[in-house]
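Visitor: Got a predicted structure plus its sequence, pasted below:
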Amino acid sequence: MKKLAIAAFAALLSLPAFAHDYSVGALKIGHPYSRAMPAASPTAAVFMSISNSGSADRLLAASTPQAARAELHQHLNDNGVMRMREVVGGIALPAGGTVTLAPGGLHLMLLEVPKQAASGERFPLQLQFEKAGKLTVEVKVESGMAPVHPAGH
């Protein structure tokens, strides 16, 4: 019984190691992830949620050794055609709100990716916020390729 209690306690202590949430100031970043892409793809996307329990802030930029550059992007319906466009001026994070970066909406676009990460791998991503400053998160690569958007990127 004592061994079981020790094992349970050890498992409880290790839970934070499996957590995939990050905080900086009043911001909480939840589950940053990317989807596995074909090896030859020069791009990838990163998704997450950003909850803000403080005053309004803004996600200004991102960078990662996984890509030559990262851009803040959004999907737009342009006369019936879905297109991706860079978000100029950053992504607003309203006070007391949550912004979700998800497929088909706001996301971080990784460009000039020299080598795609495989499902199960992780890579660092630094986020730059207007007020909260910089935070490095670990992006988990999940299986299931992102939807293809043939025109307008």
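Guide: It's in. Residues are numbered from 1 along each chain as shown.
Visitor: Now Gly104: which helix or strand?
Guide: Of the helices and strands defined by DSSP states H and E, none includes Gly104.
Visitor: Give the helix, strand or coil label for the spatially closest residue to it that is not a sequence neighbour.
Guide: Nearest residue to Gly104 in three dimensions, chain neighbours excluded: His75, at 5.5 Å (Cβ to Cβ, 6 or more residues apart in numbering). C-beta coordinates here come from the backbone N, C-alpha and C atoms, glycine included. At His75, secondary structure determined by DSSP: H, G, I helix; E, B strand; the rest coil is strand.
Visitor: Pull up the gap between His75 and Met48, please.
Guide: His75 sits 16 Å away from Met48 when distances are taken as Cβ to Cβ, to the nearest Å.
Visitor: Next: Glu86.
Guide: Relative to Met48, Glu86 is positioned 18 Å away (criterion: Cβ to Cβ).
Visitor: Mind checking which of these two has more residues around it?
Guide: Per other Cβ atoms under 10 Å, whichever of Glu86 and Met48 has more neighbours is Met48, with 25 against 9.
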